[in-house]
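> One predicted model, sequence on top.
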Amino acid sequence: MSVTNEFQHHIRTKGKFQIVALTHDADFDQHQVYAYAVVSSDGLKMRQELTLSAAQRWLDDEILRELLSKGSLSPDMMAQSRPAERSGLRTGRKRR
């Protein structure tokens, strides 16, 4: 039975979360990263993904879920806005 060490290397912080690269070595080598994890401020590993972009997407979704559940953000704020109306001025002309 072998015991494998897992080392976390900070990649970025967003709010109260961090994305860390996971390796089996204390020295960081980008080529030795086997996964990326989202870690809470308490150090709890919340999610593990194979790619940095997948971890980032999950983190963005988690932050949005938290904001929606706290009522800090209403779902209609995320709706696509209407296109701007034309002013009626021709291109290159200034209103006087």
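That came in fine, so what should we check first?
> Flag the shaky bits of the chain, pLDDT-wise.
Along the chain, the parts satisfying pLDDT under 70 run over 1-3, 72-96.
> which stretches of it form helices?
Along the chain, counting by DSSP state H, helices occupy 52-70.
> count of residues packed around residue 55?
24 (other CB atoms under 10 Å). Just so you know, the C-beta spots here come from the backbone N, C-alpha and C atoms, and that holds for glycine as well.
> Make sure it is actually in contact with residue 21.
No - between residue 55 and residue 21 there is no contact, the gap being 9.4 Å when judged by CB atoms under 8 Å.
> Are there residues contacting both of the two? Which ones?
Overlap between the neighbourhoods of residue 55 and residue 21 consists of residue 36, taking contacts as CB atoms under 8 Å, 6 or more residues apart in numbering.
> quick one, what contacts residue 25?
Per CB under 8 Å, 6+ apart, neighbours of residue 25: 5, 7, 32.
> 7 Å - rerun?
Residues in contact with residue 25, defined by CB atoms under 7 Å, 6 or more residues apart in numbering, are 7, 32.
> How much space separates it from residue 55?
Noted for residue 25: a distance of 20 Å to residue 55, by CB to CB, to the nearest Å.
> go on, residue 71?
Summarising the geometry, the distance separating residue 71 from residue 55, computed by CB to CB, is 27 Å.
> What of residue 17?
Distance check for residue 17 against residue 55: by CB to CB, it reads 10 Å.
> intersection of neighbour lists for these two?
The contact sets of residue 17 and residue 55 overlap at residue 38 (CB under 7 Å, 6+ apart).
> who touches the nearest residue to residue 50 once chain neighbours are set aside in this structure?
Once its chain neighbours are removed from consideration, residue 50 has its nearest residue in residue 35; the separation is 5.8 Å (CB to CB, 6 or more residues apart in numbering). Neighbouring residues of residue 35 by CB under 7 Å, 6+ apart: 22, 48-50.
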